[in-house]
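Enquirer: take this sequence and fold it.
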Amino acid sequence: MWPFSNYREVSIDSLSASYDFIVVGGGTAGCVLANRLSADSSKTVLLVERGPRADTWAARVPLFSSDFASDGSRTLKRDSEVQPEAGRSFMLVSGGALGGSTRVNQMLYTRGLPAEYDMWEEAGRKGWGWEDVKPYFLKSERALAGRVEGVHNDTGEWKTRRMGDEYYFAGFKKAMVAAQDIGLPYIDDINSPTHPPFGCAGLHFTIDEHARRHSTYHAFLPASLVRQRVNLHVCTNALVERIDIERQEDGHCVARGVVLLPVKGGSLEKRMYVQAVREIVLSAGPFGSPHVLMLRRLNPLLFSGIGPSEHLKEHDIPIVKDLPAVGSNLQDHFGVSVGFSIPLQDSLLSSEKRPWRFFVELFRYLIWGTGLLLGPVLQLAIFTHSGLLDKTGRPTKLEKAFSESVPDIEIMPLAYSSFDNPSPVPNGSFSFLNVLLHPRSKGTVRLVSRDPRVPLAIDPRYLSDKADFAPLRASLRLSMRMRDTMRERGYEMDDWVVPAGERDEDLDAHIRTYSRTTFHYTSTCRMAPEGDSEGGGVVDDKLRVHGVAALRIADTRLQS
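Expert: Residues are numbered from 1 along each chain as shown. The predicted structure follows:
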C-alpha cells in the first residue's frame, strides 16, 4: 500500500467551531507550524490549505513531481502585469498543494549564509542573527549522511542528502572545473557556516532514503502524525475568504476568526466561520498572505481590511489598519539565461528524444533508486560578487581583501533550456541561469476584486531600478568566461542563445529578452518597523502584525 494513503483530512462541514490556533496556508511554512503547534496536546490546531493533498506515486518521484515535468495539479500559475522593461508579462509559479512549493521545486536544501542573518540583526531585527536561527535549522533536519556537529543534524524530520560527487550530466563536471580554473574555489558543503561565501558549491536535496521527494508535507505532516494527534485538524481544498477583526471599544483590533469557503462549489451559502481562541497565523505565501489581509468585512462589527488605505478605498473595503507595506516591497531573484547546444546524451532532452533511454532510467529508479528520475538537472551553483569581477567577468580580487561578505549573483548550470525557446535539434541543450540575489527593484500585489476567488494584480516591476542591470551584466560576462574555459578543455559547446556582444547595450538587450522569474517571491509582508524608511513593515520581530493583536505572519523571507 502507498505509505501516505489513509490520510485523515477534515472537511469544512466537519470542523469544530473554534481552535486555539488557526494556521492559514499549508505550504512550506504552514506544515512546519502545524506540526510544532500541535505538539502541545492541550492546544487545538486547524491547518487550512487552499489546494489538495494530491499525494500520488508520481508526485513523489523527484523528476516527475518538479513543476516543469508535472501535470500541474500541485501548482498555482499566475500571469504578472506586463513588465515595461521586458515588454511582456511573466508566468509566476508557486506550489498549490499541501506542502506548497516543496512539492514542485528542485528540492534544494540551502539555508543561506550566516552573514545574511547577522545583517538582519544589525538592521535591528532582534532574534534573527545566525546564532539565533541555527538551532531551528538543526532541529528540523535529518541528514541521511549523518550528523556533523554544528552543521547537520540527523534526528529531525526533514530528510536531506547529497547526490555524491558524481555528476549525472557531463556539463556539470565541466562547469565545476571551469569555475576553479577561473579562480572560484569548490565548496564541498554549501550549508556549512564556515564555508567561503564565493565559489562553486555542491548542493543538498530534500530526497529521502527511498529516492522520493521529501516535502515539508511528508516531513512534518505525515499520515502517522496526523492520525495520532487528535488535536490537529487538516482541512484541504478550503479557501479563506477573510480574517475577521474585531475593533474593541478602546480602539484596539483583535483577530477573532476566519471565514472559509470550499474551493469547489464555493457558494456563499457554504461559508463557515471558525473562531481562533488564541491566534491566527498567516502562512499563505507572498501572494496569498497580503490577499487575505486586504479582503472585505463580514458585518459592521467584524472587519478585514489591513493594507494601503487608498487601495482599500478603491474597493470599498473598510479600513481596520492603514498598513501601506501590505502587498508592497515584492521582490524576486530575477534570472537571465544563456544557452548552448551540446551533445544530446549530456542533456535532459536525451530521454525525450530517445524514448528507450527513458525506460532504462525508469528501470534504474524502480530497482536501485538512482538515475535521471532523481531529478539531477541542477547539481551545483556558483556564487560570487559582481564587485570581484573585472570588465571581462573574471575574478580579480582576493576574498580576504574584499569587503563584501555575501554574494550578489548566482549562476546555475542546468542540463536543459532555462528559458522558453525551443531546444536546438537534434542536439541537447545546456544553460547558465544568471540570478540576481539582491535586487533593488520592488513591486506590488494588489486586489482586483473583493471576491477572494478573483486573481490578484501582481506587478514585480522587474528592472525598474536601473541598479539591477550592473550585477546581471557582470554575471553574464562570467558565464561567457565559463563557456570559454569549458571549450578550451575540449567540451563541445556551441552558442545558441547568447548576448550579441559584451558591450553594456548588448548585455542589457539580452537581459530584457531572456529573463525570467526564479520563483523566489518575498517581502510582501515585510518584517520591519511600521514606518521603516526602506519601505515600511507589516510585522514586528516576533512576526506580529502591527496594530492587530492575535495575528501573525510566518511566511517566505520577510525582510528585504
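
Enquirer: any idea what Thr384 is bridged to?
Expert: Applying DSSP bridges to Thr384 yields these beta-bridge partners: Ile409.

Enquirer: how far away is it from Glu505?
Expert: 24 Å (CB to CB, to the nearest Å). (C-beta placed from N, C-alpha, C; glycine too.)

Enquirer: check Ser403 too.
Expert: 30 Å.

Enquirer: higher neighbour count, these two?
Expert: Glu505 (10 against 7; other CB atoms under 10 Å).

Enquirer: let's verify that one: helix, strand, or coil?
Expert: Three-state call for Glu505 (DSSP: H, G, I helix; E, B strand; the rest coil): helix.

Enquirer: quick check: the gap between it and Arg473.
Expert: Counting by CB to CB, the gap from Glu505 to Arg473 is 10 Å.

Enquirer: secondary structure element holding Glu241?
Expert: strand 238-247 (DSSP states H and E).

Enquirer: that strand pairs with which strands?
Expert: Strand 238-247 is paired, per DSSP bridges, with strand 253-262 (antiparallel), strand 302-303 (antiparallel).

Enquirer: the helix or strand that contains Tyr19: what's the following helix or strand?
Expert: Assigned by DSSP H and E, Tyr19 falls within strand 18-24. For strand 18-24, the following helix or strand on the C-terminal side (DSSP H and E) is helix 28-38.

Enquirer: and the next helix or strand past that next one?
Expert: Following helix 28-38 toward the C-terminus (DSSP H and E): strand 45-48.

Enquirer: so in that sheet, which strands flank that next one, and in what orientation?
Expert: Checking strand 45-48 against DSSP bridges gives partners strand 18-24 (parallel), strand 232-235 (parallel).

Enquirer: any chance of the ones you listed in JSON lines, plus mean neighbour count?
Expert: Shown next, in JSON lines, are those (neighbours: other CB atoms under 10 Å):
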{"stretch": "strand 18-24", "mean neighbour count": "24"}
{"stretch": "strand 232-235", "mean neighbour count": "24"}
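
Enquirer: which among the ones you listed is found nearest to Val292?
Expert: strand 18-24 (6.4 Å; CB to CB).

Enquirer: would you mind measuring from Ala97 to Arg242?
Expert: Ala97 is 23 Å from Arg242, by CB to CB.

Enquirer: same check on Gln180?
Expert: For Gln180, the distance to Arg242 - CB to CB - is 54 Å.

Enquirer: the two - which one has more neighbours?
Expert: Arg242 (25 against 14).

Enquirer: let me know the next secondary structure element after the worst-scoring helix or strand of the chain on mean pLDDT.
Expert: Across the helices and strands of the chain, mean confidence by mean pLDDT, DSSP states H and E is lowest for strand 302-303: a mean of 53. Next helix or strand after strand 302-303 toward the C-terminus (DSSP H and E): strand 306-307.

Enquirer: what residues does that next one touch?
Expert: Residues outside strand 306-307 that contact it (CB atoms under 8 Å, 6 or more residues apart in numbering): 245, 290, 293-294, 320-324, 326-327, 545, 547-548.

Enquirer: how about 6 Å then?
Expert: Here strand 306-307 makes contact (CB atoms under 6 Å, 6 or more residues apart in numbering) with Leu293, Met294, Val320, Lys321, Leu323, Val326.

Enquirer: strands paired with it, and their directions?
Expert: As assigned by DSSP bridges, strand 306-307 forms pairs with strand 321-322 (parallel).

Enquirer: output the below-cut-off pLDDT ranges for the stretch 301-450 of the chain.
Expert: 301-304, 397-401, 425 (pLDDT under 70).

Enquirer: all strands of it, in order?
Expert: 302-303, 306-307, 321-322, 335-342, 380-384, 409-414, 428-436, 444-446 (DSSP state E, counting those that start in this stretch).

Enquirer: out of these, the one nearest Ala467 is which?
Expert: strand 428-436 (10.2 Å).

Enquirer: show me what the closest one is packed up against.
Expert: In terms of contacts (3 or more CB pairs under 6 Å, 6 or more residues apart in numbering; DSSP states H and E), strand 428-436 is packed against strand 335-342, strand 409-414, helix 469-488.

Enquirer: can I get those in JSON lines including distance to Val497?
Expert: Shown next, in JSON lines, are the helices and strands packed on strand 428-436 (distance: least, CB to CB, whole Å):
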{"stretch": "strand 335-342", "distance to Val497": "4"}
{"stretch": "strand 409-414", "distance to Val497": "13"}
{"stretch": "helix 469-488", "distance to Val497": "11"}
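
Enquirer: reformat those as JSON lines; add mean neighbour count and distance to Phe519.
Expert: Below are the helices and strands packed on strand 428-436 laid out as JSON lines (neighbours: other CB atoms under 10 Å; distance: least, CB to CB, whole Å):
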{"stretch": "strand 335-342", "mean neighbour count": "24", "distance to Phe519": "9"}
{"stretch": "strand 409-414", "mean neighbour count": "24", "distance to Phe519": "12"}
{"stretch": "helix 469-488", "mean neighbour count": "21", "distance to Phe519": "18"}
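
Enquirer: nearest to Met527, of those?
Expert: strand 409-414 (23.2 Å).

Enquirer: just checking, what packs against that closest one?
Expert: So strand 409-414, by 3+ CB pairs under 6 Å, 6+ apart, packs with strand 380-384, strand 428-436, helix 469-488.
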